[in-house]
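[1] Here you go, sequence then predicted model.
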Amino acid sequence: KEPFIQPQLLRNKKYTLALSMSFMISCIGISLFFLTPIMLSEVYLLKSNWIGFAMIPAALTAAILGKKGGKLADRKGNNYLFSVASSSLLTCFILLSIFTGDLLFLIPAFLIFGHVGQSFIQIAMSNSISRTLSKEQVGVGMGFFSMANFIAQGIATGVYGMIVEQDAVSHWNPLHISHQGSLFSNIYLTLAGLHVVILLMYRLYLHPINSNYSARHSKS
């Protein structure tokens, strides 16, 4: 009679849509942590210690700027933070799609955009999802949100693992400048396209929610 997850929670269309978007974002975001070491190993033939060094700048920058992302959301709103995060992620994936297989020294710089963008977009989505819930549903709703992200990352790593076992016979990005890493270039181009879809969905469905909330909050 009193289930832990009330069925009416999933009847909240704005919440389920935001949860689906967050699921997609987590599936895409885990590629930065899972695919990057594989790409550096298979395409650039780096050893594990150099792979770690290549990923340090991005992780360090994301850790330093993480708190600023929260302050930015409070000061300028979730819509602004989401736009900044989405732009950073698009920049990262497009540049990786173009330069994978060449100019190794630029890859750590590209990853900075991705890691910071992923950190910011998680903050923006967490705040946006909480605003679709009533006070009684916030606890369970946000717990369900965290569980969905965990499941998304697990599923995505399995899918990415199967994809990288395949051989790419051609590259989809006409700007890809190297003859190596075509498979990874195709993956990053696809992820960039998915982020464009997510940005459009956010603009259509979640942007008004955050705008209305900010207006009410400023009046109070």
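    That came through fine. Residues are numbered from 1 along each chain as shown.

[2] Run the chain-centre distance for the strand or helix carrying residue 153.
    Assessed by DSSP states H and E, residue 153 sits inside helix 138-163. Centroid separation for helix 138-163 versus its chain: 12 Å, with C-alpha atoms, centre = their mean, to the nearest Å.

[3] Could you pull up the residues touching the nearest residue to residue 119 once chain neighbours are set aside?
    Using C-beta to C-beta, 6 or more residues apart in numbering and skipping the chain neighbours, the partner closest in space to residue 119 is residue 62 (4.7 Å). Any C-beta I mention is one placed from the backbone N, CA and C, and that applies to glycine too. Applying C-beta atoms under 8 Å, 6 or more residues apart in numbering to residue 62 gives the contacts 112, 115, 116, 118, 119.

[4] among those residues, who's most crowded?
    Highest neighbour count within the contacts of residue 62, by other C-beta atoms under 10 Å: residue 115, with 26 neighbours.

[5] thought that one was touching residue 59?
    Yes: Residue 115 is within contact range of residue 59, at 6.2 Å (criterion: C-beta atoms under 8 Å).

[6] helices and strands around the helix or strand containing residue 17, which ones?
    Under the criterion of DSSP H and E, residue 17 resides in helix 13-29. On a contact count with 3 or more C-beta pairs under 8 Å, 6 or more residues apart in numbering; DSSP states H and E, helix 13-29 meets helix 107-130, helix 138-163, helix 182-201.

[7] Nearest to residue 34 among those would be which one?
    Closest approach to residue 34 among these (C-beta to C-beta): helix 138-163, 5.1 Å.

[8] which intervals of the chain have sub-threshold pLDDT?
    The chain contains residues with pLDDT under 70 at 168-169, 212-220.

[9] how about 80 then?
    Across the chain, the ranges flagged by pLDDT under 80 are 1-6, 167-170, 207-220.

[10] Quick one: distance of the lengthiest helix in it to the chain centre.
    Taking DSSP state H as the criterion, the chain has its longest helix at helix 48-76. Chain-centre distance of helix 48-76: 13 Å, with C-alpha atoms, centre = their mean.

[11] what angle sits between it and helix 107-130?
    Angle, helix 48-76 to helix 107-130, by axes from the mean of the first three to the mean of the last three C-alpha atoms, to 10 degrees: 40 degrees.

[12] The next helix or strand after helix 48-76 vs helix 182-201, what angle?
    Once helix 48-76 ends, the next helix or strand along the chain (criterion: DSSP H and E) is helix 78-99. On the basis of the same axes, to 10 degrees, helix 78-99 is oriented at 160 degrees to helix 182-201.

[13] what about the closest residue to residue 156 other than its chain neighbours, how many residues close to it?
    Nearest residue to residue 156 in three dimensions, chain neighbours excluded: residue 27, at 4.0 Å (C-beta to C-beta, 6+ apart). Residue 27: 21 surrounding residues under other C-beta under 10 Å.
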